[in-house]
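Student: model the following, please.
(chains A, B and C)
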Amino acid sequence: MKNVVMLENVDYFDIRQILESGQVFRFEKISDSSYLLNAKNKIIKIIQQEDSNSVLVHNTNLGELEEIWSRYLDITTDYKDIVQKLSQKDDYMSQAIAFGSGIRILKQDPWEMLISFILSQNKAIPHIKQCIRNIAQQFGLPIDEYDEYGKAYYTFPTPEQLSHAKEEDLRACKVGFRAPYILDACQKVLNGELILNDLYLLSAEEAKEKLMQVKGVGPKIADCILLFAYSKTEVFPTDVWIKRVIEGIYFKGKDVNLSEIQSFAKEYFGDLAGYAQQYLFFYGRENNLFK
DNA sequence: GCACAGGGCCAAT
DNA sequence: ATTGGCCCTGTG
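Tutor: Sure thing, here's the model as predicted:
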């Protein structure tokens, strides 16, 4: 039976910051402290409690919380240590963390991340969310256990389900020139050329190489998948926002290329580069810095 | 109304 | 190594 569960004593956890930091697309804002999340073929509502370090999770139960959501929400990682180490780096990093100290890096589904970030290229975030909704509605299954708002929600389609899509079907979902990339991802996953579960065991470098064999997956998208699905926290996804932030803070505004940024991040942030990227992205983007 | 850029990548120089 | 083009949409 499903109901409400209270998640208590969670420091460094802010559901708004977690969901709005650009790592996840299948959510709806209800208010600043309340969000609907579509993941794991389920819908939950998460409500941040004011003036306390606890959150309410609706439409789940204690067993599910422990078996599914605790891992997904990265509850077991100690962010105190991460925050402390990164804050010591410099004033800007320290400010970014003070601003977004409730961010956690979710452990999302590799297949969903692969398709979602293929979609993301050269798109704005609202558009990405729209395309994913279209695809789920067309090729996923309805999640009929939740209708608090009278809206229909759908699972993210499996590779098998999505492989039934034709290019024109995908274009009808407004994915544009990315349609053949999605079909290529379906094909490589279904025929075993790319075994997504194997990548957990590989190094970030090896896994990145495998992911980039899919059409439409370059270094940025591969890094996003590695960070947001596989928890390879040493990677540093470098998009236009992060590039501007890094150039502004650490290179005196000078234009630097991708490989320079990558080697800087590896040297400067080490194994915490992925976390640093999330704090910097959220801080820079929410405040429109370095635009 | 219309130019422009958007969590990039591909293919052709 | 560098650059134009790309589907489509929200924003100014």
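
Student: C-alpha only now, for contacts and for neighbours.
Tutor: Noted.

Student: name the element A:Val4 belongs to?
Tutor: Using DSSP states H and E, the element containing A:Val4 is strand A:3-7.

Student: how about that strand: buried residues?
Tutor: Buried residues in strand A:3-7, counted by 16 or more other CA atoms under 10 Å: A:Val5, A:Met6, A:Leu7.

Student: A:Tyr146 falls within a strand, correct?
Tutor: No. Checked against DSSP: H, G, I helix; E, B strand; the rest coil, A:Tyr146 lies outside a strand; its state is coil.

Student: I'd assumed A:Ile43 was in contact with it.
Tutor: Yes. Judged on CA atoms under 8 Å, A:Tyr146 makes contact with A:Ile43 at a distance of 6.8 Å.

Student: compare neighbour counts for those two and give me the winner.
Tutor: A:Ile43 (23 against 15; other CA atoms under 10 Å).

Student: tell me the predicted confidence for the residue in the stretch 101-250 of chain A that DNA strand C sits nearest to.
Tutor: Nearest residue of the stretch 101-250 of chain A to DNA strand C: A:Gly176, at 3.5 Å (CA to the nearest atom of the strand). For A:Gly176, the pLDDT comes out at 97.

Student: using the three-state scheme, assign the residue lying closest to it once chain neighbours are set aside.
Tutor: Leaving aside its chain neighbours, A:Gly176 sits nearest to A:Leu170 (7.8 Å; criterion: CA to CA, 6 or more residues apart in numbering). At A:Leu170 the chain is in helix, as set by three-state DSSP.

Student: contact partners for A:Leu170?
Tutor: By CA atoms under 8 Å, 6 or more residues apart in numbering, the contact set of A:Leu170 is A:Ile135, A:Gly176, A:Ala179.

Student: these in helices, which ones?
Tutor: Among the contacts of A:Leu170, the members falling in helices (DSSP state H) are A:Ile135, A:Ala179.

Student: dump the contacts of A:Leu170 to CSV, plus distance to A:Val83.
Tutor: Shown next, in CSV, are the contacts of A:Leu170 (distance: CA to CA, whole Å):
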residue, distance to A:Val83
A:Ile135, 37
A:Gly176, 40
A:Ala179, 39
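
Student: hmm, back to that, partners of the strand holding A:Val4 in the sheet?
Tutor: strand A:55-60 (antiparallel) (DSSP bridges).

Student: next one: the helix or strand following the partner strand to chain centre, how far?
Tutor: Remark: after strand A:55-60, the chain's next helix or strand is helix A:62-64, criterion DSSP H and E. Here the centre of mass of C-alpha atoms in helix A:62-64, compared against the chain's by CA atoms, centre = their mean, to the nearest Å, lies 23 Å away.
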